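[1] coordinates only, no sequence provided:
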């Protein structure tokens with residue numbers, strides 16, 4: 001994967017693999033500008049936060065040591081690696097003023113499987129200071145890298161300190177991973193729904209092209225077209241089906257649209273110079289590009305959109321338990337009175353409840369810190385973390401529908417299954433969703 005500061009995608013952040021650097025030109029230009037300035041520059045000739053009016057000399061190392069103070073468990077190496085990829089790509093976009101010789105060393109860390117010991121808690125959507133300060137201390141040799149063997153070192157200068165940590169790279173990495181994984185699941189959900197449509201002989205009439213041309217919501221039309229292509233053309237057996245079928249394209253399409261907006265927002269910032277100060281031309285521009293309000297808002301909308309999509313999956317699951325729709329025994333049981341697949345509804349609603357909890361918006365909150373100097377926060381960090389946590393319950397809801405739909409199709413014209421544990425079926429269905437979506 002070649003990083004150029006302009007074209008990194010969520011899928012590439014999630015993919016892994018070695019990285020290479022296209023060009024250091026923009027990083028070098030910003031570094032030359034930073035070295036040429038003689039006036040006050042935030043974080044280099046001044047303190048930070050409420051200390052912005054205090055002149056300092058060579059205070060960068062103290063800044064790194066004081067800010068490497070996260071708490072809680074270590075994030076996974078996958079998430080920490082994604083953070084390094086994002087930060088490297090941002091630095092290649094230019095504007096930071098860090099020594100460009102640092103960038104190949106970051107690539108060396110990524111390619112060597114080394115990640116910093118980043119703690120879970122320590123950011124509020126205005127910069128991942130604790131995570132990146134910890135990374136800087138690894139580069140200086142004051143903290144140990146995670147991974148096999150000694151990690152790379154680089155002699156950061158005091159002037160490199162704030163420019164290196166002034167970024168939301170960890171938040172963006174989580175956001176990119178979440179967007180990619182949710183996209184794969186929303187794609188796979190269309191195939192799961194196609195099985196359920198077939199199992200209950202649901203009408204394809206609500207998916208007709210004319211219906212969606214009359215209301216041209218892009219996600220809705222796309223979902224309807226894709227599901228149409230998966231269904232056999234058969235005569236409808238009912239005038240109207242429940243909403244889980246009749247409104248599938250509208251509800252699932254809304255989630256697809258929310259995902260597209262979130263992906264656009266995240267990918268803009270993956271390739272942006274969100275630096276403060278921004279070294280451009282011959283000046284240092286003090287600014288607020290580090291504030292992640294667009295990411296928080298987009299991820300709030302995405303998490304909210306996943307709930308109705310999952311609700312309809314549980315509604316279709318309930319339909320699969322009904323003899324009036326399947327022509328089979330209640331709960332897809334093997335004999336009258338057995339529980340069959342009843343437990344899948346409990347599991348699905350447990351996971352759905354988790355999704356509802358995770359859908360709470362972060363953008364209604366704020367924080368005032370550093371003696372009132374920093375008087376707003378986006379909490380995009382929490383939005384991204386919650387979006388990542390949405391993947392598991394969404395996958396479980398879809399797995400419940402998949403297990404039930406497969407069972408309903410298998411029992412057509414064949415003896416039903418006797419009662420048995422379904423946990424291994426759910427594990428297999430979740431793995432299938434990952435394979436199909438991946």
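    Great, that's in hand. If you're wondering where the values come from, they're calculated on a predicted model, not measured in any experiment. Numbering: from 1, shown residues only.

[2] any idea how far residue 196 is from the residue sitting nearest the centre point of the chain?
    By C-alpha atoms, centre = their mean, the chain has its centre lying nearest to residue 178, at 1.7 Å. Computed as C-beta to C-beta, to the nearest Å, the residue 178 to residue 196 distance reads 26 Å. No exception for glycine: its C-beta is placed from N, CA and C like everyone else's.

[3] so residue 120: helix, strand or coil?
    strand (DSSP: H, G, I helix; E, B strand; the rest coil).

[4] which residue lies closest in space to it, excluding its sequence neighbours?
    Residue nearest to residue 120 in three dimensions, not counting chain neighbours: residue 72, with 3.7 Å by C-beta to C-beta, 6 or more residues apart in numbering.

[5] and what of residue 226?
    In space, and not counting its chain neighbours, residue 226 is closest to residue 190: 5.2 Å by C-beta to C-beta, 6+ apart.

[6] ok, that neighbour - how many residues close by?
    19 (other C-beta atoms under 10 Å).

[7] that one is in contact with residue 227, isn't it?
    Yes. Residue 190 lies in contact with residue 227 (C-beta atoms under 8 Å); the separation is 5.5 Å.

[8] can you list the weak-confidence ranges in the stretch 201-350 of the chain?
    234 (pLDDT under 70).

[9] what ranges do the strands span in it?
    278-280, 283-285 (DSSP state E, counting those that start in this stretch).

[10] so for stretch 1-16, what's the average pLDDT?
    Stretch 1-16 comes out with an average pLDDT of 94.

[11] likewise for stretch 61-80?
    Stretch 61-80 carries an average pLDDT of 93.

[12] any buried residues in it, and which?
    Judged by neighbour count using 16 or more other C-beta atoms under 10 Å, the buried positions of stretch 61-80 are 61, 63, 64, 67, 68, 70, 75, 77, 79, 80.

[13] tabulate those residues (CSV), appending secondary structure and distance to residue 35.
    Listed next are the buried residues of stretch 61-80 as CSV, based on DSSP: H, G, I helix; E, B strand; the rest coil; distance: C-beta to C-beta, whole Å:
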residue, secondary structure, distance to residue 35
61, helix, 18
63, helix, 19
64, helix, 20
67, helix, 23
68, coil, 26
70, coil, 31
75, coil, 34
77, helix, 35
79, helix, 33
80, helix, 30
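
[14] how many neighbours does the residue nearest to residue 389 when sequence neighbours are not counted have?
    Leaving aside its chain neighbours, residue 389 sits nearest to residue 358 (5.6 Å; criterion: C-beta to C-beta, 6+ apart). Residue 358: 21 surrounding residues under other C-beta under 10 Å.

[15] so what's residue 358 up against?
    Residue 358 makes contact with 303, 386, 387, 389, 390, 393, according to C-beta atoms under 8 Å, 6 or more residues apart in numbering.

[16] thinking again about what came up before, mind checking pLDDT for the residue nearest to residue 226?
    pLDDT, read off for residue 190, is 97.

[17] how far away from the center of its chain is the host helix or strand of it?
    Residue 190 belongs to helix 169-199 when assigned by DSSP states H and E. How far helix 169-199 lies from its chain's middle: 10 Å, per C-alpha atoms, centre = their mean, to the nearest Å.

[18] one more: stretch 259-278?
    For stretch 259-278, the separation from the chain centroid amounts to 13 Å (computed by C-alpha atoms, centre = their mean).
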